[in-house]
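K.L.:
Pasting the sequence and the predicted model now:
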Amino acid sequence: MPLGELASIGIAPGRGAIVHDGGGRGQVVSCNVQNRDVTSFVAEAERKVRSQISATPGVYLEFSGAAEARAQSQREILLNSLIAAGIIVCLLYIAFGNVRNLLLVLVNGSCGAL
């Protein structure tokens, strides 16, 4: 499939640069995703690129940007939520003094949310 069918390609003003990372040269390819969520686009692009391109030794592919930042944020939110839930359970145990009352409160609280 010709690249022109997949993307609008043009010359834009700006300064060219050779990117170096950890002593090695890098090539940056960027895109602006429209009419689609970034996470699914990056997942599909990464899957297709990795299946169709075999990198030579010393060359590696790295996908980063908004999708990577979003995934990192989701992991942090999950971790912080689990920590907060653990602290809440500990505080309830301290307040009620036994596991039976703690479980009754947790079960009633979760049934009320339904």
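P.N.:
Okay, I see it. Numbers count the residues shown, from 1 in each chain.

K.L.:
For the residue nearest to the spatial centre of the chain, give its distance to Leu104.
P.N.:
Taking CA atoms, centre = their mean, the centroid of the chain lies closest to Ala71, which sits 1.5 Å from it. Distance of Ala71 to Leu104, given as CB to CB, to the nearest Å: 38 Å. Bear in mind the C-beta positions are built from the backbone N, C-alpha and C, glycine included.

K.L.:
and if you look at Ala84?
P.N.:
Distance, Ala84 to Leu104, by CB to CB: 21 Å.

K.L.:
for Leu78, same thing?
P.N.:
Distance from Leu78 to Leu104, counting by CB to CB: 27 Å.

K.L.:
Tell me where this structure has helices.
P.N.:
3-6, 38-52, 66-96, 99-113 (DSSP state H).

K.L.:
Kindly provide the whole-number mean pLDDT of the third one.
P.N.:
Which is helix 66-96. Mean pLDDT, computed over helix 66-96, is 92.

K.L.:
That one packs against which elements?
P.N.:
The contact analysis (3 or more CB pairs under 8 Å, 6 or more residues apart in numbering; DSSP states H and E) places helix 66-96 against helix 38-52, helix 99-113.

K.L.:
now the angle from that helix to helix 99-113?
P.N.:
Taking axes from the mean of the first three to the mean of the last three CA atoms, to 10 degrees, one finds helix 66-96 and helix 99-113 inclined to each other by 130 degrees.

K.L.:
quick one: helix 66-96 to helix 38-52, angle?
P.N.:
Going by the same axes, to 10 degrees, helix 66-96 makes 120 degrees with helix 38-52.

K.L.:
List the buried residues of helix 66-96.
P.N.:
The neighbour-count check on helix 66-96 (16 or more other CB atoms under 10 Å) flags Ala67 as buried.

K.L.:
and what of the second one?
P.N.:
Under the neighbour-count criterion of 16+ other CB under 10 Å, helix 38-52 has 38, 41-42 buried.
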